[in-house]
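> give me the fold of what follows.
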Amino acid sequence: MAKKKIRIRAKMKGDVAEVKTLMSHPMETGFRKNKKTGKKIPPHFIKEVICEHKGNKILVASWGVAVSKNPYLSFKFKGAAKGDTITISWNDNKGESATADAKIS
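Alright, predicted model coming up:
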């Protein structure tokens, strides 16, 4: 995979932190065929997404082949403050991973 990138925006809205993420990943199902060769493209998808805040896991998502390319994830949680750091990471079925941090504004 060319790039392992996670873009994160996290903002406080009242007492709730709103987190929006965009993850660069091909998310291949294993069912599509290469148009030139006719062979199936091997599966390559994110299996798990984890979000951490102050050392605590606040979100754990188990994904599979039904998630689109370059997935977008948005969620809200309480207990955060401006300036806190959010860490998002993913692992895929080929053992690849990516991690990114962002400060809550």
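
> quick one: low-confidence ranges for the protein?
Where the chain drops to pLDDT under 70, the residues are 1-4.

> in it, which spans are strands?
Ranges of strands within the chain are 6-13, 16-23, 46-53, 56-62, 72-78, 85-92, 97-103, based on DSSP state E.

> can you put these in JSON lines and add mean neighbour count and distance to Gly30?
From N, CA and C alone the C-beta is placed, and that goes for glycine too. Formatted as JSON lines, those follow (neighbours: other C-beta atoms under 10 Å; distance: least, C-beta to C-beta, whole Å):
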{"stretch": "strand 6-13", "mean neighbour count": "16", "distance to Gly30": "23"}
{"stretch": "strand 16-23", "mean neighbour count": "18", "distance to Gly30": "19"}
{"stretch": "strand 46-53", "mean neighbour count": "18", "distance to Gly30": "13"}
{"stretch": "strand 56-62", "mean neighbour count": "12", "distance to Gly30": "17"}
{"stretch": "strand 72-78", "mean neighbour count": "13", "distance to Gly30": "22"}
{"stretch": "strand 85-92", "mean neighbour count": "19", "distance to Gly30": "13"}
{"stretch": "strand 97-103", "mean neighbour count": "15", "distance to Gly30": "20"}
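
> same list (those strands) but as CSV, adding distance to Asn34.
Below are the strands of the chain laid out as CSV (distance: least, C-beta to C-beta, whole Å):
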stretch, distance to Asn34
strand 6-13, 28
strand 16-23, 24
strand 46-53, 21
strand 56-62, 28
strand 72-78, 26
strand 85-92, 20
strand 97-103, 25
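
> for Lys33, which of the ones you listed is the nearest?
Distance to Lys33, taken as C-beta to C-beta, is lowest for strand 85-92 among the strands of the chain, at 20.9 Å.

> sheet-wise, list the partners of the closest one with their directions.
Strand pairing for strand 85-92, determined by DSSP bridges: strand 46-53 (antiparallel), strand 97-103 (antiparallel).

> can I get these in JSON lines including distance to Asp84?
Below are the strands paired with strand 85-92 laid out as JSON lines (distance: least, C-beta to C-beta, whole Å):
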{"stretch": "strand 46-53", "distance to Asp84": "6"}
{"stretch": "strand 97-103", "distance to Asp84": "7"}
